[in-house]
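Participant: next come a sequence and a model predicted from it.
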Amino acid sequence: MILETIRRPLSGKAWQSYLVVALAFLSIRVASLFWWLLDPGRWQLAFRGSVVLPISALLIFPWTTL
């Protein structure tokens, strides 16, 4: 017995939900990057002058960086 799956084309609402998820993942990184560029002194105090730690934190754990 062969089971066939029927794929329906994605509706407009499905694409909107993907867009919302993508923006949620990207927005925190963009906000953190702007914050780092606008107030670098605070980032230097928080991360003790290291550059590698904030960059890796923004890429891997963006929510905990804020």
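Facilitator: Arrived safely.
Participant: phi, psi of the spatially most central residue of the chain?
Facilitator: Central residue of the chain (Cα atoms, centre = their mean): residue 25, 2.9 Å from the mean position. Main-chain torsions, residue 25, degrees, to the nearest 10: phi -70, psi -30.
Participant: so how far is residue 17 from it?
Facilitator: 13 Å (Cβ to Cβ, to the nearest Å). For the C-beta atoms, the positions are set from N, CA and C on the backbone; glycine is no exception.
Participant: residue 59 - how many residues pack around it?
Facilitator: 10 (other Cβ atoms under 10 Å).
Participant: distance of it relative to residue 44?
Facilitator: Counting by Cβ to Cβ, the gap from residue 59 to residue 44 is 19 Å.
Participant: for residue 26, same thing?
Facilitator: 25 Å.
Participant: try residue 21
Facilitator: Counting by Cβ to Cβ, the gap from residue 21 to residue 44 is 33 Å.
Participant: who has more neighbours, the two?
Facilitator: Set residue 21 next to residue 44 and count neighbours by other Cβ under 10 Å: residue 44 wins out with 14 against 10.
Participant: done for today, thanks.
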